[in-house]
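A.B. asks: test case, fold it:
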Amino acid sequence: MITFRVTMQTDDSGLASYVSSQIDRSLNWKDVEWLQTITHLPILVKGVLTAEDARLSVQAGAAGIIVSNHGARQLDYVPATIMALEEVVKAAQGRVPIFLDGGVRRGTDVFKALALGASGVFIGRPVLFALAAHGEAGVRKVLQMLHDEFELTMALSGCRSLKDITRDHIVTPWDAPRFVPKL
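C.D. replies: Have a look, this model is predicted:
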């Protein structure tokens, strides 16, 4: 886990002070092990963005990993979750399921996450915004839209089932050298 010192300015709004006061800096990997002694529920570790933290999560006995940058609200300049996903999946080596949290706005985002090895995704802001705008009907509508877009993406990619979605279906910025034409 990464620990940061938060420096407060005297002219802030108080929000930064409040958020800072909510962070328990004493938490560590042994707390994951301790949680397992007091519950039979699976423990998922959220906020993993690196291979090192993925390995430590598995070593601590996590039942799963959630690749999340907490909406990038906790720390400036953290990578987008989709950029960190494949590294975390590779480091976990199939020992635990990996979920993506953050940046899912369309069915194509779900498809990309699955192609990069995610077991599933969490959807936050679209659901929250739909709920705020139109209540339960809005949530149903946004989930149906995501479902329909995802099914269309699968069809256009020639995937009849989830197991047909592979890494070969997408090109990422870090794949670019692989696709440079030879002259």
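A.B. asks: output the contacting helices and strands for whichever helix or strand residue 46 is part of.
C.D. replies: Using DSSP states H and E, residue 46 sits in strand 44-48. With contacts taken as 3 or more CB pairs under 8 Å, 6 or more residues apart in numbering; DSSP states H and E, strand 44-48 sits against helix 51-59, strand 64-68. From N, CA and C alone the C-beta is placed, and that goes for glycine too.
A.B. asks: buried residues, it. List them.
C.D. replies: 44, 45, 47, 48 (16 or more other CB atoms under 10 Å).
A.B. asks: for the third one, which non-adjacent residue is closest in space?
C.D. replies: Residue nearest to residue 47 in three dimensions, not counting chain neighbours: residue 68, with 5.3 Å by CB to CB, 6 or more residues apart in numbering.
A.B. asks: tell me who's in contact with that neighbour.
C.D. replies: Counting by CB atoms under 8 Å, 6 or more residues apart in numbering, residue 68 makes contact with 46, 47, 48, 49, 81, 100, 101, 102, 122.
A.B. asks: quick one: the lengthiest helix in the chain to chain centroid distance?
C.D. replies: Scanning the chain for the longest helix, with DSSP state H as the assignment, gives helix 125-156. Averaging C-alpha positions (CA atoms, centre = their mean, to the nearest Å) puts helix 125-156 18 Å from its chain's average.
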